[in-house]
Structures are given as C-alpha cells and as structure tokens.
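Participant: model this:
(chains A and B)
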Number of protein chains: 2
Amino acid sequence: MKLRGWVNSKRELGGIVFIEILPENSLGLVTVVVKKKESPQAWEVAKGVKLGSAILVEGTYPPISLSKRGREFKADKLEVISTPRAPLPVDLTLKTGIHFDTRLRYRYLLLRTKEERALFKIRANVLKIAREFLEKKGFLEVNTPKICGAGAEGGATVFELEYFGRTAYLAQSPQLYKQMLMTGLTKVYEITPYFRAEKHHTTRHLNESWAIDLEMGFIKGMEDVMEVLEELVCHIIEGVRKECEEEIEILGVEIDSPRRPFARLKYDKVLEILNEEGIHIEWGEDLGDAEERALGKVMKNEGYNLYFITHYPWKTKPFYIMKEDGLSRSFDLDYKGLEISSGGQREHRYEELIKNIREKGLNPKDFEFYLEAFKYGMPPHGGWAVGVERLLMKMLNIDNIRETILFPRDIQRLIP
Amino acid sequence: MKLRGWVNSKRELGGIVFIEILPENSLGLVTVVVKKKESPQAWEVAKGVKLGSAILVEGTYPPISLSKRGREFKADKLEVISTPRAPLPVDLTLKTGIHFDTRLRYRYLLLRTKEERALFKIRANVLKIAREFLEKKGFLEVNTPKICGAGAEGGATVFELEYFGRTAYLAQSPQLYKQMLMTGLTKVYEITPYFRAEKHHTTRHLNESWAIDLEMGFIKGMEDVMEVLEELVCHIIEGVRKECEEEIEILGVEIDSPRRPFARLKYDKVLEILNEEGIHIEWGEDLGDAEERALGKVMKNEGYNLYFITHYPWKTKPFYIMKEDGLSRSFDLDYKGLEISSGGQREHRYEELIKNIREKGLNPKDFEFYLEAFKYGMPPHGGWAVGVERLLMKMLNIDNIRETILFPRDIQRLIP
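Facilitator: Below is the predicted model of the structure:
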C-alpha cells in the first residue's frame, strides 16, 4: 500500500532510518521504517530526505508494531515528492515550544501535526452536526448577502467599501436579511462569516468570525427559539463527544455533557448573584468580561456549564429586539463564563419597529429596504446566532479564540 | 391540527370562504375551507381577512378533497396573526405577470409561492448533496478568510476596503488559501461567497456569488481533480433528481442524467469545431459567451450536456496554473454552453511560481504570505470551483442568474 505525507522527524539507527509522518488527512502517526538490508534503494533515499519533505512511501504494516510514537510501516519504496527550499520554521514534533504568533503564521505547516488537525476536524464536525440537526428540524439553508446597502445594526462597527460608486458595508451579521425572510418562510438558517470593524484587543474577539444563524417565524415567545438553541448546542456537544473521540483524546480535553434544562436567569437575578460575589453593576449596564467570568464560576458550582441570561434592559440591546416593560425579550447563552450566543424575539410590528430605530438614534430611512418587508403580514418571529469560534473555545478549553480559526483576522492580522 | 401561513388568495361562495395558503416551509398548496354553518366564528374572521395576512388555522383534512388547486382543509378556528398595512405589491397566485425587477425586490414575498420555494429548496439541496459527497470522499471542510491582504489573483476586479489603517481586499475566491493548506492537508473544500468587482451587465454574472471550492494534494495530474469534479456534478444532478422530485415537478423542468464520461476536448479541438460552425477565434483568445453557446449546441448534438475544455493557452489563465509547452494544465467544465467550473493543476514549484507571477505583470512581493507556504515541501496539487448559481441556472433551465440567489448583487443592485 501507499502512504503520502510530510517528514516530521527522522532518525538513523544502524542500518535503519525511521521517518515520522501523519499520512493524508489522518490523525494516526506512522513511523516509516526503512531497512538498508531489505530495501537498499529506499534506504538510500531515506538517508538523504530532508525534514519537511513531502514523500510517497510504498510498503506494508507489519503484524506487530513496536514503536510507541506511531504505528510502524515497513517501506519497500520511498519517493520524495517535494523538498523544502528552507529549513522548517517550526518543530513539527512539537518538542520545542512554538511562539503563539509563529503558530498562527505557520498554521498550514502545523496541520502536519495531529494536534492541529484534530482541532480543525472537530471544527468541521461542529458545522456538519449543526447542519444535520437543523435540516432534520425543517430549517432551510439560505445564503444572504455579505455586501449590504446599510450597516446591519447601524453601529459604527462595520467595514465600509465602495460599490460601483456607492457606499456599501460588509454584513455584520445576516440579521436583517434572515428577518426579512420571515415574511415568506418560517424556518431558516445560515452558517456564515461575520465582519466587525471593532478595535478589540482581547482573546475572545475576531474581526472576521463565523456563526450559526437561525430565525423562526410564528413563535409564541422567545422560549420557542431558546429551546431550539439549547437542543442544538447539546446536540453539537454530544455529537462531538461521540464522533470525535480520537480528536478529543489527542487534544487531551474532557468535554462534559451539559446539565439540562440549561439554567434560565433573569438579568435582575444575575445582578443579585454578582452582588453577592462583591461585584456591583449599575442596573441597565451590560455584563462585561469580568462579570461573565464571575457568573460562570457561580454557575459551575451549581452544576451548570451552560445557562441563559434573559430579560436584559432594552437599552443594552439592538433596535430589532422586542421591548417588554422597559426590558427586552432577549437572551444570551453563556458557556463557562463566556457569551457564545445571543438572540430573542424581534419586533415585528412596523410602527413599533420604526419607534425602536428612532430611539436608538438611527434613521428609519437607512432601513427602508428592511422595513418594507414588515408591511405585508410579518408574523412574530425570533432567532439567535451561535459563535462557532467561541463555542469551540469553551468546548475544548482553548484560551485564545485565534486558535480556533485557520487564518484569524484581528486588528493586527490581515495576513496570512 | 394547526396550519400556519399567509393568505395568497381568497374567495367567497355563498356561506363558504376559501383561503389559499402554503403552510410553513412546505410545497403543498392548501385550500382552507371555512363554512358559516359549521364554524360561524371562523367564518366571520375569514370574511374579514386581508390578502397577505399571516394566519393560524385549526381544523382537519377531510378524507376527500375536491379542490384542484390545493388540498382542502376544513377550518374550525381561524386566527389572524399579522395583517398587512399595505396592499401586496405582487399577485401571489402568479396569475398576473410580475416584472423581473419587482420579483427580485419582493423575493421574500414570493417565497410564499411554491415555485419560488421549490427553487430555493433545490438550492439548499445542492449544497447539502455536495457536502455529503465531499465528506464521504474524505475532504475536510475549511473556512478561509474573506478579508485579505492581497487581491486574490492580482487583477483589478477586487473590492477594496480599509482595514484598521491598511488596504484590504474582499476575497475573489479562496484560491490562495486553499492552496496554502495543501502543504499540511491533502483534501479540503469550502462552500463560500465570491466577491468580484467586475462591471458586468450580463445574465450570467453576479458581483457576489457562491462556489463549491476544492483542492487536492499529491495529484499526478489534472485528470485526478477532473474525475472528482465529474463525480460531484453527476452526484448533485442525480441527487436533485431523486431528492427533489416535487420541486422539479413544480418548476416544470426536465433534468437529464449526464452522459458519462464527460467529453474532454482540447482547446485546439474546440477552435476546430467552432471553425466548422463558421466561428473563427484567434489562437490564444479565450472563449466568449457566443462561442460557448455555439459549442454547447454542437456538444448537445453529440449527446453531451457536460464537457471539459482542456489545455487552454497559458496566457488566458491566472498565474497559479501550471504551464505545459505554452499551454496550461487547466480545464473548464461547461454545462449546456456555459462555463460552470474551472480548475487545473497548480504550479507548486517556488521558483516557477515566482516566474509566473512576474510574467502576469504582478509583483511577487504582494504574494509573499502565499509564496511562503511553497518553501516547505509543497506537493503537486490541483483543484477547481463550481459556481453554485451557474450550476442551478443550467440544471433548471433558468435564463437569468439573478433568479438563483435570494438577494442578488449586481452593478445596480445593492438592496434589498
């Protein structure tokens, strides 16, 4: 049989060359054993092969493998497919530490290691499991535009571009479009990039991130969409536990089954809890990172990794969220002290929506294309978005969000 | 049982009101029958309900349905969920013609018709079938950045934006990134938006479109990736035929099974064929729309809807395509006279790649982040991209590409 991969390490011992590769897209390390006595030609090639070379090996797996690092493979033939023109900038045995910036810069080389591959296999699985779940539930996959005529939520956090002489914006989210679709469909979802021009320097923000976005019509209240969210997140976590056993072992993490139903805390209750922890928040203020973390610890002691925070003051929420007695029909879903999703019931009544837009200091004129869809029998609707990278961070105990995406975009990183 | 939907038409006959709806995300028209004698309250509501209203109906399907338009549903209760504040701008029975622009503008309302829903259900199915196929083949789904530090192919056809004081570009395609990944993985795919700032006024171009992008390492030649493409396209077409019978019937189209293997014509041969048709192309020129259509007719007579055109002159192709004797290791896949995919083997040799970049009048400095990945054992690789909208156009005999995407972006359309 044939194996293809890159030389991650190599050592010689007497008349034997040992070459470590991770064949194809697999996660199983292989130690290619080339013996001078048995395959003099392959041995000659193996002796000369450089670290990092792409190679093709022909041979067999012997019935018994003695190697501890990877399964042994006895080589009969060895061909060098591509030789590096420079020494590798990273040690792919991972025995030497790699600086974080270097790791992000040479992500494509690190994908020759099982650790990095495991992470991105889990990422792909999260998307796959989410799609399967949502399709089974009758949600239709849609694609909404990323280049838009108006900033999604009207804030100052959008990237601007010139579009054939007009000003356009990169979609901050599919929010306005998925809502517009609620006047013709009842269940839609989209897995999509988000573009946000915020000047963050944190370990939990990206300027280009991915989300699982959902919207649902004819709802009775926000509990309808919270239930779907809870089910989806559990389905993803359980799905990864089941389908990615090898990946999880490689990453050395333990993923706990969520306690269900997720706790549901009102904003006011959260303020009380935090107050007991000595953290005082002015009523009406949003929760910051420190507060979210503190709440995460309290909830962990209660046995909850995942919990909803509901009924935020309306002033902390965007215009499209429905008001209720000065509060809002909105929720966040936090996972181990980090917001991974937010959503709620939307304002579907034309006149109220215009009032909301004005109240946020925005101009309804800028949202005409969106408001138009609310004139023709828009039903009550709601939805949410889950941040793919944040979900991965918390599920896999990763400290920096940049690790969870192949080519992160932040205030400094525009390449690679 | 309960049905939810919008009133597409309504008529009264004696003591009976007939209301036509397309419940939820379904494709089956329902005629809600409300009889004064049997449900006086529901009848009262039904009499007053406006066209376009979102309604909730409780009742039962009678054992025998007499209606020709849609299955009858006997209403016991009727609730108006949301009433339009303006008359509907389109006739959702589709008895009155709708201007093309109006149709695109009110896409979200047209999704209340089975014709429009059928189209977008097929679209979602195409993506689903593609993913299932590629995952089964061992391709890993990846997400590459849409905001980039360099124009994808260095042309003048990219959208520019400011990225925290630097100039950035919207990804024309994931080309450079999927290639960089070929030095760490052997099989990747991405379904992704494309952003192109070309000033087209045609029925086959969009400024934001979607593609199924694939790249494969350790290939022997371009035939390796052509085979995967042929298999995928056939799998999609057969999958749609099987899984979307109802949708296809609604759209009234016939989808033919492709003749396999697809014909493989060299560029020189295509010039010959066209010459016989009285169309003369200078050697070295790319094929235009008229030429593609003419070739489509010839191939149709040979029994081929789908056929490859290979070995284009290198000067018609981008820098990353591998040269071969003045020609290129490249191909287009045409479907009924329209290019729906192009691909080829890439230049993986660092020095040759730099030469190619220079030859195209570009500056290797602008591609340093990309070239870097070619220094460390990049194997031979190749791939392609299939345009989702073009594939849909040809599969479903749709004349204008704008119909195949919910919110098209063209030189005039930035909203909705």
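Participant: Around chain B, which positions in the stretch 151-300 of chain A sit nearby?
Facilitator: The stretch 151-300 of chain A comes close to chain B at residues A:159-164, A:166, A:168, A:170, A:177, A:180-181, A:183-187, A:193, A:195, A:197, A:199, A:207-208, A:210, A:217-218, as judged by CB under 8 Å from any CB of the partner chain. Where you see a C-beta, it was placed from the backbone N, CA and C, and this is true even at glycine.
Participant: give me that answer again for 7 Å
Facilitator: With the criterion set to CB under 7 Å from any CB of the partner chain, the stretch 151-300 of chain A comes near chain B through A:159-161, A:163-164, A:166, A:168, A:177, A:180-181, A:183-187, A:193, A:195, A:208, A:210, A:218.
Participant: Quick one: buried ones out of the residues you listed?
Facilitator: Among those, those buried by neighbour count (16 or more other CB atoms under 10 Å in any protein chain shown) are A:159, A:161, A:163, A:168, A:177, A:180-181, A:183-187, A:193, A:195, A:208, A:210, A:218.
Participant: Tell me where the stretch 301-416 of chain A has strands.
Facilitator: Counting by DSSP state E, counting those that start in this stretch, the stretch 301-416 of chain A has strands at residues A:306-310, A:323-324, A:327-328, A:330-335, A:338-345, A:381-387.
Participant: Look through the stretch 151-300 of chain A and state the residue closest to chain B.
Facilitator: Of all residues in the stretch 151-300 of chain A, residue A:184 sits closest to chain B, at 2.9 Å by CB to the nearest CB.
Participant: pretty sure that residue is touching residue B:109, no?
Facilitator: Yes. Counting by CB atoms under 7 Å, residue A:184 touches residue B:109, with 5.9 Å between them.
Participant: Spit out the contact partners of residue A:182.
Facilitator: By CB atoms under 7 Å, 6 or more residues apart in numbering or on different chains, residue A:182 lies in contact with A:215, A:217, A:378-379, A:381.
Participant: Just to be sure, which of those residues are found in helices?
Facilitator: Among the contacts of residue A:182, DSSP state H puts none in helices.
Participant: ok, those residues vs residue B:388, which is closest?
Facilitator: Nearest to residue B:388 among the contacts of residue A:182: residue A:215, at 21.6 Å, using CB to CB.
Participant: Now for the closest one: which residues touch it?
Facilitator: Residue A:215 sits next to A:178-179, A:181-182, A:188, A:381, A:383 when contact means CB under 7 Å, 6+ apart.
Participant: cool, and residue A:149?
Facilitator: Applying CB under 7 Å, 6+ apart to residue A:149 gives the contacts A:168, A:369, B:414-415.
Participant: Doesn't residue A:192 belong to a strand?
Facilitator: Yes. Counting by DSSP: H, G, I helix; E, B strand; the rest coil, residue A:192 is part of a strand.
Participant: Report how many residues lie close to it.
Facilitator: 23 (other CB atoms under 10 Å in any protein chain shown).
Participant: correct me, but it touches residue A:175?
Facilitator: No. At 10.8 Å, residue A:192 and residue A:175 do not qualify as touching, with contact defined as CB under 7 Å.
Participant: re the thing from before, so which of the contacts of residue A:215 sit within helices?
Facilitator: Among the contacts of residue A:215, the members that lie in helices (by DSSP H) are A:178-179.
Participant: Tell me the helices and strands packed up against the longest strand along chain A.
Facilitator: Longest strand in chain A by number of residues (criterion: DSSP state E): strand A:71-82. On a contact count with 3 or more CB pairs under 7 Å, 6 or more residues apart in numbering or on different chains; DSSP states H and E, strand A:71-82 meets strand A:30-35, helix A:40-48, strand A:54-60.
Participant: just those: most buried one?
Facilitator: Of these, the one with the most neighbours on average (mean count of other CB atoms under 10 Å in any protein chain shown) is strand A:30-35, at a mean of 23.
Participant: Can you list the strands that it pairs with?
Facilitator: strand A:16-21 (antiparallel), strand A:71-82 (parallel) (DSSP bridges).
Participant: and these, which is most packed in?
Facilitator: Greatest average neighbour count among these goes to strand A:16-21 (a mean of 21), per mean count of other CB under 10 Å.
Participant: okay, now residue A:141: neighbour count?
Facilitator: Residue A:141 is flanked by 19 other residues according to other CB under 10 Å.
Participant: swap in the one 4 residues further on?
Facilitator: Applying the criterion other CB under 10 Å, we find 23 residues in the vicinity of residue A:145.
Participant: need the contact list for it.
Facilitator: By CB under 7 Å, 6+ apart, the contact set of residue A:145 is A:171, A:177, B:208, B:407, B:409.
Participant: just the residues you listed now: which is nearest residue B:299?
Facilitator: Set against residue B:299, the nearest of those by CB to CB is residue B:208 (30.1 Å).
Participant: where does the closest one fall, phi/psi-wise?
Facilitator: When read as degrees, to the nearest 10, the backbone of residue B:208 gives phi -130, psi 110.
Participant: State the distance from the nearest residue to it once chain neighbours are set aside to residue B:89.
Facilitator: Distance criterion CB to CB, 6 or more residues apart in numbering or on different chains; nearest residue to residue B:208, sequence neighbours excluded, is residue B:409 at 4.0 Å. To residue B:89, residue B:409 is 22 Å away according to CB to CB, to the nearest Å.
Participant: likewise residue A:75?
Facilitator: Counting by CB to CB - residue A:75 and residue B:89 are separated by 71 Å.
Participant: next one: residue A:243
Facilitator: Distance from residue A:243 to residue B:89, by CB to CB: 47 Å.
Participant: Please apply the same query to residue A:301.
Facilitator: Residue A:301 is 56 Å from residue B:89, by CB to CB.
Participant: neighbour count winner among the two?
Facilitator: Higher neighbour count among residue A:301 and residue B:89: residue B:89, with 14 against 8, using other CB under 10 Å.
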